[in-house]
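In: Compute the structure for the input listed below.
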Amino acid sequence: MKLELRHLRVVCAIAEAGSLSKASSLLGLAQPALTAQLHRIEALLGGKLFERDHKGARPTALGELVLERARVLLPAFSRLQEDALRLVDDTVPADRYRVGAVNGPMLGGLVHRLTEAHPGAHVSTQVAWSGQELSAMVAAGRLDYVLVGVCGDAPPPSEHGLTWHVIAVEPVFVLMPEDHPFTLLEEVELAALRDTQWAVVPGDGCFGDCFVAACSRAGFTPRTMYEVDINSCIDLASSGDAVALCQPTFRRTPGLVAMPLAGAPLRWRHLIGWDPEGPAAAFGPQVLRYAAEAYRETAERSPRYSGWLPGHPEYGVVPHRALV
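Out: Residues are numbered from 1 along each chain as shown. Sure thing, here's the model as predicted:
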């Protein structure tokens, strides 16, 4: 893992809040997940960033150095994004749907529905690892809608003033070879995978920390986690070198099975956001409905997931009234 801007934001949030408990509330993270993330950041930087006691968290000398640099870098990065976006020509067709998406199951189905229902419209897409990056593009008028995923009850990107709706809530499955003995079970206990290596597609949320916290609740610390692209996840799972954490809608791949984890210890929410003051807001409910239809169709193509859903009614497509 490399040091990223999101890590600097975490360090600044802890310093400003004065304690991990207050910072976890501000960041929308469970305190164990934030503590695990801080430990990973400290491991990257080679020392403790905060002295912690009953009075709160106070920066160490190393922490003060990191905070000093972070308070310069973070505003500079935001200004760079804003200035770069202002230089781009913003002229677009009147009838348009510009959709940004982080890795998810419904972009293709959404594009199909948009082009079918609006044959004269200009539909364009942009994908990225970062929901923050795409949300900033919506706020700047470079995109109309953004599809993101967030872990558990974590909030969506909030600094850009977008309106957010929940499309669907889903459990996290694990991808393993079809000849693995666990594929004969209905569900896999997370603790039964304590000795495995792990693979996951990267993102800018708290999923990695929530996974570590879930493993801790199951009584173990996970071994190596490879952050790789989707194809590498498939390769590592196929070879048996790692169990890949995946969405339950993962497209069927020869030789691999996506298995549910007992008790669904990890949960994922798919969201759509738009600028409530922008012209795209008028069509937001319609695009939300298309996205929900696309998710439902994708879920139905997964026999194991579609068979799992009836026994877990809290998962799947969420009624459109749900608003974040």
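In: pretty sure Ala213 is in contact with Pro32, am I right?
Out: Yes: assessed by C-beta atoms under 8 Å, Ala213 is found in contact with Pro32 at 4.6 Å. (C-beta placed from N, C-alpha, C; glycine too.)
In: mind listing the helices in the stretch 201-324 of the chain by residue range?
Out: In the stretch 201-324 of the chain, the helices defined using DSSP state H, counting those that start in this stretch lie at 207-217, 230-239, 284-300, 303-308.
In: Give me the buried stretch members for the longest one, please.
Out: By neighbour count with 16 or more other C-beta atoms under 10 Å, helix 284-300 contains the buried residues Gly284, Val287, Leu288, Tyr290, Ala291, Ala292, Glu293, Ala294, Tyr295, Arg296, Thr298, Ala299.
In: residues contacting the fifth one?
Out: It stands for Ala291. Met106, Gly109, Leu110, Leu147, Ile167, His270, Ile272 (C-beta atoms under 8 Å, 6 or more residues apart in numbering).
In: If we use 7 Å, what do you get?
Out: Contacts of Ala291 were listed using C-beta atoms under 7 Å, 6 or more residues apart in numbering, and they are Met106, Leu110, Leu147, Ile167, Ile272.
In: before we move on, the earlier item: please identify which of Ala213 and Pro32 sits among more neighbours.
Out: Neighbours were counted for Ala213 and for Pro32 using other C-beta atoms under 10 Å; Ala213 has more, 23 against 17.
In: In terms of pLDDT, where does that one sit?
Out: Ala213 carries a pLDDT value of 90.
In: Check the one 5 residues further on too.
Out: What the model reports for Ala218 is a pLDDT of 94.
In: how near is it to Ala262?
Out: Distance, Ala218 to Ala262, using C-beta to C-beta, to the nearest Å: 10 Å.
In: So which of these two has more stuff around it?
Out: With neighbours defined as other C-beta under 10 Å, Ala218 and Ala262 compare such that Ala218 has more, 18 against 15.
In: Next, work out how far apart that one and Val212 are.
Out: Counting by C-beta to C-beta - Ala218 and Val212 are separated by 11 Å.
In: Report the rounded mean pLDDT for the longest helix belonging to the chain.
Out: As assigned by DSSP state H, the longest helix anywhere in the chain is helix 61-87. Helix 61-87 carries an average pLDDT of 80.
In: on that earlier part again, could you export the contacts of Ala291 as JSON lines, including distance to Leu3?
Out: Shown next, in JSON lines, are these (distance: C-beta to C-beta, whole Å):
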{"residue": "Met106", "distance to Leu3": "32"}
{"residue": "Leu110", "distance to Leu3": "34"}
{"residue": "Leu147", "distance to Leu3": "27"}
{"residue": "Ile167", "distance to Leu3": "32"}
{"residue": "Ile272", "distance to Leu3": "31"}
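In: Can you go through these and name the buried ones?
Out: Members of these classed as buried by 16+ other C-beta under 10 Å are Met106, Leu110, Leu147, Ile167, Ile272.
In: Check pLDDT for those and point me to the minimum.
Out: Met106 (91).
In: Run through the residues that contact it.
Out: Contacts of Met106 by C-beta under 7 Å, 6+ apart are Leu147, Ala291, Ala294, Tyr295, Thr298.
In: which stretches of the protein form strands?
Out: Under the criterion DSSP state E, the chain contains strands at 50-53, 56-59, 96-101, 122-127, 145-151, 163-171, 173-177, 198-200, 225-227, 243-246, 256-260, 267-274, 316-317.
In: Go through the longest helix of the chain and flag the buried ones.
Out: Across helix 61-87, burial judged by 16+ other C-beta under 10 Å covers Gly63, Val66, Leu67, Ala70.
In: Any figure for the gap between the second one and Ser78?
Out: Same thing as Val66. Using C-beta to C-beta, Val66 is found at 18 Å from Ser78.
In: domains for this protein, by residue range?
Out: Under the assignment automatic domain parsing, the domains of the chain span 5-87, 96-170+268-317, 173-265.
In: Those domains: lowest mean pLDDT?
Out: When the domains of the chain are ranked by mean pLDDT, domain 5-87 comes last with a mean of 84.
In: next one: that domain to chain centre, how far?
Out: How far domain 5-87 lies from its chain's middle: 19 Å, per C-alpha atoms, centre = their mean, to the nearest Å.
In: ok, the buried ones among the contacts of Ala291 vs His312, which is closest?
Out: Proximity of those to His312 (C-beta to C-beta) peaks at Ile167, which lies at 17.0 Å.
In: Identify the residues contacting Ser78.
Out: By C-beta under 7 Å, 6+ apart, the contact list for Ser78 is empty.
In: Number the residues from 862 up from this point.
Out: Taking 862 as the first residue, the last one we looked at is Ser939.
In: follow-up on the earlier one: can I get the strands of the chain in CSV with distance to Ala1000?
Out: Output for these, formatted as CSV (distance: least, C-beta to C-beta, whole Å):
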stretch, distance to Ala1000
strand 911-914, 32
strand 917-920, 31
strand 957-962, 11
strand 983-988, 14
strand 1006-1012, 10
strand 1024-1032, 11
strand 1034-1038, 33
strand 1059-1061, 28
strand 1086-1088, 27
strand 1104-1107, 30
strand 1117-1121, 35
strand 1128-1135, 10
strand 1177-1178, 27
